[in-house]
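# one predicted model, sequence on top.
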Amino acid sequence: MVGAEDVTNPVAESTKGIQTPPAPPTNVTAKDIPNDKGGAVTISWGKSADDGSGAKNVTKYEILRSTKRDEGYEVIGNTVAGATSFSDNAAENKVLYFYKIKVLSPTGTAESLPSASTFAKRQWFNLSRLSLFILSLVIGFAILYFIERAKSEKGLFIRRIAGLEAVDDAVGRATEMGRKIIFVPGIMDMDSMQTIAAVTILGRVAKLAAEYEAKLEVPVCTSLVMVTCREVVKEAYLNAGRPDVYNDKMVYYVTNDQFAYAAALDGLFLRERPAAVFLQGQFYAESLILAETANSVGAIQIAGTAMPTQLPFFVAACDYTLIGEELFAASAYLSKDPKLLGSLKGQDVGKFIFLLVILIGAVFLTLNSVLGLNLPNLGRLF
Amino acid sequence: MDEMTNREKKTLWENLLSIDRRIIFIFIAIAISLPLFFKTSLKMPVSPVVQGVYNAIESLPAGSKVLISFDFDPGSMPELQPMAESFFRHCFRNNLKVIIMGLWPQGPIQANIALDKVFRELKEEEKAVKVPQYGIDYVNLGFTAGNEVVIDRMGHDFQESYPADARGTPLSEIPLMQGVRNYDNVDLIINLSAGYPGTQEWVQYAVDVFHVKLVAGNTAVQAPSMYPYVQTGQLTGVLGGMKGGAEYELALNRPAKAVSYMFSQAVAHVVICLFIIIGNIAFFTMRKRKT
Amino acid sequence: MRREVPLVLTAMVGITMIIAHFIPPFNILKDLFEDWFFIIAAFAIYLGISNLILVNGDKIYKKQKGWPFGLVVILGFLVMTVIGLFFSGGTSFQDPGTPFYYLYMNVYYPLSATMFALLAFFVASASYRAFRARNVEATMLLLAAFILMVGRVPIGYWFSDWLGDALGKLADWIMDFPQTAGQRAIMIGIALGVVSSALRVILGLERTYTSGE
């Protein structure tokens, strides 16, 4: 019988025999896991004194649960020796549970005292993300505010983005030379924001190509992107009044494999010797292979990506590069739509907030380390 | 005579400025391949970011569970495969239990390639080292499509993403997976990554949401973008490129492929530096002549 | 309808995922959408396969320029698929010793690694072209490149061992501080760009992906 009253020296439930059982775990506590949809309780305990070495070395812990303190326990899971916590993800909300931990070893088993009762409950708001929520609201409202304001305000300033200004020149160059424009919308699928931004630029390039009657080719890496790009290019040619020139074969699927795609494009650049190459979207290791090959055939290159790892390669190898958010700003920049320009301004509010927090945080940390003050660490807010 | 000499010198600098890239390619090819024929032992210290990786694994008690995600393809094998082999050597040496998975289709087979090599080494060793058993010491869950959604769902329940292992055996029938429900039951996550999905997604969806401990091995191109995560503690350590792999092999006191390739890489770097110097000399000389 | 339905779906799913991040009970819907995403992601593989066969089959049938390469693509695809499905021990097809493993190691791996290896050559030619000390910033970039290229290989340690591995430590300092600061700045900017773009897509302001203006 478990000596439940003796809290300082709990008597373990033992299998009577020649070998002595291991020491039971201690201080079992159970509490609801916060900031979740409910149904989960976390159980912690102090390791058995025999956990770690010796003849009675623990092999595992079993977690027992019951709705009554002294009876009806059943095993709901187990952990390896050395563990001190477990999550019960199958608890019913608002049902009181008691937990015990059973230790198993070659010499026998032992159970701890039951924990205090607890119950799982649903939280309606994840408080650990409160600061992120507030920040998201501020930035979101700033974007929406400036979008609304832009509808009435004329001439919202946006600085010149050289890469986007050069689009017209690149298409013009291809028309004059009678050579192709090749547009590569990255190697990722339509779930990537960079691919969506690239497709926006494609719309603009396609419209110009239609107006100038330049030859456009769009080899893509995934089938969903092919379908989307076909629609975008078809629409652009229609809007330019040249639906007769459009051909489905202008946009075609090559392969999903990264380097097979790069090899195919390299071959295309070397054979067709395009006048203009657009490398817009999400790229990985193939970026430099594509950029260098296009450079070797004398094409003007306009690249754009938000991949920090590939930006240096594009900057080194291409004539123009849209860096990071310039790629996302392209749709606003090219269309000059006030709504889209307004969203860019809202983005700037977010940047200003980050700058301010970084500056204040850096000053606080510097003062803390130089003067030994105890100013708050702003990094912990997020 | 002077006019002719000036014309020759001008032609030389102009040629150097617009040198045919195939000449550069030949020099690089020689610089990379020739050192492979020489055996050298190069010294290098172990950097703090690599030491962080070593300490994270070394500090785990025997029997701890380690989840290794193979998120790369054969293109990145030269950089990441030596790291994978070193991770397996370290884990099996310390009697850790290894759960293998992949967010890239080629990932699990890359794991098999590394395991095959490490097991052959273990069998050849003089000491009677136990070769790890499938299902007890290690398991390969295989590939699941879904990218970061897989990482997120595994935080709740592994079975939502992996109802069975790569061979089709239900997880409930695998001894190693008993009691492994989600990240709470895993002591460390190791991610070998060459792109997307990779370490960044593991940090965003596993570390930030489920507060797991994560170390990573990345290609040299990707490694710099992981440093912000190391500084904030979201990543406990990172192996960056072949150098990171070589440092890790030295920390393990088991120099292998990565260390042997470093001489090649060193010579190639020096050759590139020499070309850049020559290019700049030509550039400045031409600029001076024009003014 | 063709444009409205995708916009409504995008708004619905996007807003739900955002709310679920802050309000835990919405995770039930989030899990449902993620299940749908798993299914779509898996089916995308079949879409890719059918496109591969259609595009290359059409090229072969019409004997267009480069059609023999289309034949190679389809044959390669068929060989790997058939051997993997029927001749490699079923679910253990990825284990060492199977025919699939043999093809993977001896055909797929060398081809893939070769393409990646091209980067070594292109890095050299791009560096030669791009790293010119045209102005102050370009010179600083050049110096940083030198320090990192030499400091991050054993030769750097060999050069500066007598100075306490000064080159290596300088290279590590550049990686830890200026490089990380630059990365962080770009990452913050990109993150804000993604937030803004995503908001525009969710609210239907950005419709280019539906081929709308």
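That came in fine, so what should we check first?
# make it CA atoms for all contacts and neighbour counts henceforth
Fine.
# tell me which stretches of the stretch 51-200 of chain B form helices.
Taking DSSP state H, counting those that start in this stretch, the helices of the stretch 51-200 of chain B run over residues B:77-93, B:107-124, B:148-154, B:158-161, B:199-202.
# check which helices and strands the third one is in contact with.
Under the contact criterion of 3 or more C-alpha pairs under 8 Å, 6 or more residues apart in numbering or on different chains; DSSP states H and E, the helices and strands touching helix B:148-154 comprise helix B:158-161, helix B:199-202.
# tally of neighbours for residue 207?
No chain specified, so I'll use chain A. For residue A:207, the count of nearby residues is 23 (other C-alpha atoms under 10 Å in any protein chain shown).
# to clarify, I was referring to chain C.
That count, for residue C:207 with other C-alpha under 10 Å as the rule, works out to 18.
# so it touches residue C:198, yeah?
No - counting by C-alpha atoms under 8 Å, residue C:207 does not reach residue C:198; the two are 11.3 Å apart.
# just give the closest residue to residue A:279, not the sequence neighbours.
residue A:303 (4.5 Å; C-alpha to C-alpha, 6 or more residues apart in numbering or on different chains).
# so that neighbour is in contact with residue A:320, correct?
Yes - assessed by C-alpha under 8 Å, residue A:303 is found in contact with residue A:320 at 6.1 Å.
# which residues do those two both contact?
When C-alpha atoms under 8 Å, 6 or more residues apart in numbering or on different chains defines a contact, the residues bordering residue A:303 and residue A:320 alike are residue A:163.
# so the residue of chain C at minimum distance from chain B: helix, strand or coil?
Of all residues in chain C, residue C:113 sits closest to chain B, at 4.1 Å by C-alpha to the nearest C-alpha. Following DSSP: H, G, I helix; E, B strand; the rest coil, the label given to residue C:113 is helix.
# quick one, what contacts it?
So residue C:113 contacts B:74-78 (C-alpha under 8 Å, 6+ apart).
# quick one: least confident of those residues?
Scanning those for pLDDT, the low point is residue B:75. It has 87.
# any idea how far residue C:118 is from it?
10 Å (C-alpha to C-alpha, to the nearest Å).
# hmm, residue A:93 is touching residue A:122, no?
Yes - here residue A:93 lies in contact with residue A:122, judged by C-alpha under 8 Å, at a distance of 7.1 Å.
# tell me the mean pLDDT for the lengthiest helix in chain A?
When chain A is parsed with DSSP state H, its longest helix is helix A:338-371. Averaged across helix A:338-371, the pLDDT comes to 86.
# that helix: which residues count as buried?
Of the residues in helix A:338-371, A:338-351, A:354, A:361, A:364-365 count as buried by neighbour count, 16 or more other C-alpha atoms under 10 Å in any protein chain shown.
# name the residues that touch the lowest-mean-pLDDT helix or strand in chain C?
Across the helices and strands of chain C, mean confidence by mean pLDDT, DSSP states H and E is lowest for helix C:154-160: a mean of 77. Helix C:154-160 has contacts (C-alpha under 8 Å, 6+ apart) with B:42-44, B:262-263, B:266, C:150-151, C:165-168.
# which among these count as buried?
In these, the ones that pass as buried (16+ other C-alpha under 10 Å) are B:44, B:262-263, B:266, C:150-151, C:165-168.
# in terms of pLDDT, where does residue A:379 sit?
On the pLDDT scale, residue A:379 gets 68.
# how many residues are close by residue 85?
Just so you know, I chose chain A. As a measure of burial, residue A:85 has 20 neighbours, counting by other C-alpha under 10 Å.
# oops, chain B please
With other C-alpha under 10 Å as criterion, residue B:85 counts 23.
# again, but for residue C:1
There are 6 residues near residue C:1, going by other C-alpha under 10 Å.
# returning to what we had before: comparing the helices of the stretch 51-200 of chain B, which gets the lowest mean pLDDT score?
helix B:158-161 has the lowest average pLDDT among the helices of the stretch 51-200 of chain B, namely a mean of 87.
# in that helix, what's buried?
For helix B:158-161, using 16+ other C-alpha under 10 Å, the buried residues are B:158-159, B:161.
# now stretch B:24-39
In stretch B:24-39, counting by 16+ other C-alpha under 10 Å, buried: B:24-25, B:27-28, B:31-32, B:35.
# and residue B:29, how far from chain A?
16 Å (C-alpha to the nearest C-alpha, to the nearest Å).
# confidence score at that residue?
94.
# secondary structure element for it, which one?
helix B:21-33 (DSSP states H and E).
# off-centre distance for that helix?
How far helix B:21-33 lies from its chain's middle: 25 Å, per C-alpha atoms, centre = their mean, to the nearest Å.
# so does that helix get close to chain C?
Yes - judged by C-alpha under 8 Å from any C-alpha of the partner chain, helix B:21-33 and chain C are in contact via B:21, B:24-25, B:28-29.
# other residues contacting stretch A:258-265?
A:187, A:219, A:221, A:254-255, A:286, A:289-290, B:75, C:112, C:115-116.
# show me which residues of it are buried.
Those would be A:258-263, A:265, for stretch A:258-265 by 16+ other C-alpha under 10 Å.
# same question, stretch A:285-298
Buried, per 16+ other C-alpha under 10 Å, within stretch A:285-298: A:285-295.
# and that stretch, does that touch chain C?
Yes - using C-alpha under 8 Å from any C-alpha, stretch A:285-298 comes into contact with chain C via A:285-286, A:288-289, A:292.
# ok, stretch B:70-82 next?
Yes - contact of stretch B:70-82 with chain C (C-alpha under 8 Å from any C-alpha) involves B:74-78.
# Throw the residues you listed into TSV and include neighbour count and distance to chain A, thanks.
Formatted as TSV, these follow (neighbours: other C-alpha atoms under 10 Å in any protein chain shown; distance: C-alpha to the nearest C-alpha, whole Å):
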residue	neighbour count	distance to chain A
B:74	23	10
B:75	22	8
B:76	22	10
B:77	19	13
B:78	18	14
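# so which of these comes closest to residue A:108?
The shortest approach to residue A:108 among the residues of stretch B:70-82 next to chain C belongs to residue B:77, at 48.3 Å (C-alpha to C-alpha).
# measure that closest one to residue B:268 for me?
19 Å.
# for chain A, find the nearest of the helices and strands packed on helix B:148-154.
Between the helices and strands packed on helix B:148-154, helix B:199-202 lies closest to chain A; by C-alpha to the nearest C-alpha that is 11.8 Å.
# who are the packing partners of that closest one?
helix B:148-154, strand B:188-193.
# got the contact list for the very next helix or strand once past it?
For helix B:199-202, the following helix or strand on the C-terminal side (DSSP H and E) is helix B:208-210. With C-alpha under 8 Å, 6+ apart as the test, helix B:208-210 has contacts from B:155, B:183, B:234.
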